[in-house]
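> Provided below for reference: sequence and predicted model.
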Amino acid sequence: MPPLSNGRHELFAQGIAEGNSADAAHSAAGYKANRKNAWRLKTNQDIVARIAEIQGKAQERTEETLESVVEELNEARQAALDAGQMSAAISAIMGKAKILGLEVDPRKNERNPLSEVLEAIDGKTRGLPNQTRH
């Protein structure tokens, strides 16, 4: 669906899609403050469809961005593991976990999948010689 032909309607739909109230979006679109008219405009089928489209595009962009960041962190983790840089690998894992909402607070005695992954990595790194910087 292309932008709405009525410029004020388009501005109103964009305001609602951004999370503004109908009153705020109505005023921002250049209309005189009127709650009934704002509510009526919000129920207009063309505007409802446009709001859904704008929000859907924003969600797609967010998902694409998250996917690319997670992929980059996966690549960084693998490169760090290949180079034997465990702290860098753990940092990449922690970055990915943060994005996925799997943060571990060491001050709390909580178990979750991330803590198990970190323990597995720690177990693999024990016994490896300390690497010195050249």
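Cool, got the structure.

> quick check: longest helix of the chain.
Assignment by DSSP state H gives helix 45-82 as the longest helix of the chain.

> helix or strand right after that one?
Later in the chain than helix 45-82, the nearest helix or strand by DSSP states H and E is helix 86-100.

> just the CA coordinates of that next one, formatted as CSV?
Taking C-alpha atoms only, helix 86-100 is exported to CSV below (Å, rounded to 0.1, in the frame of the first residue of the first chain):
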residue,chain,number,x,y,z
MET,A,86,38.6,-17.8,24.8
SER,A,87,37.8,-14.5,26.4
ALA,A,88,36.9,-13.0,23.0
ALA,A,89,34.7,-16.0,22.3
ILE,A,90,33.0,-15.6,25.7
SER,A,91,32.5,-11.9,24.9
ALA,A,92,30.8,-12.8,21.6
ILE,A,93,28.6,-15.3,23.4
MET,A,94,27.7,-12.8,26.0
GLY,A,95,26.8,-10.2,23.3
LYS,A,96,24.6,-12.7,21.6
ALA,A,97,22.9,-13.7,24.9
LYS,A,98,22.3,-10.1,25.7
ILE,A,99,20.5,-9.6,22.4
LEU,A,100,18.4,-12.8,22.9
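
> in that helix, what's buried?
86, 89-90, 92-97 (16 or more other Cβ atoms under 10 Å). Backbone N, C-alpha and C define where each C-beta goes, glycine included.

> state the distance from the nearest residue to Gly15 once chain neighbours are set aside to Glu10.
Excluding the flanking residues, the one nearest Gly15 by Cβ to Cβ, 6 or more residues apart in numbering is Ala25, at 2.9 Å. Using Cβ to Cβ, to the nearest Å, one gets 11 Å for the distance from Ala25 to Glu10.

> returning to what we had before: between the buried residues of helix 86-100, which is nearest Gln45?
Nearest to Gln45 among the buried residues of helix 86-100 is Lys96, at 41.5 Å by Cβ to Cβ.

> so the closest one makes contact with Arg77?
Yes: between Lys96 and Arg77 there is a contact under Cβ atoms under 8 Å: 7.4 Å.
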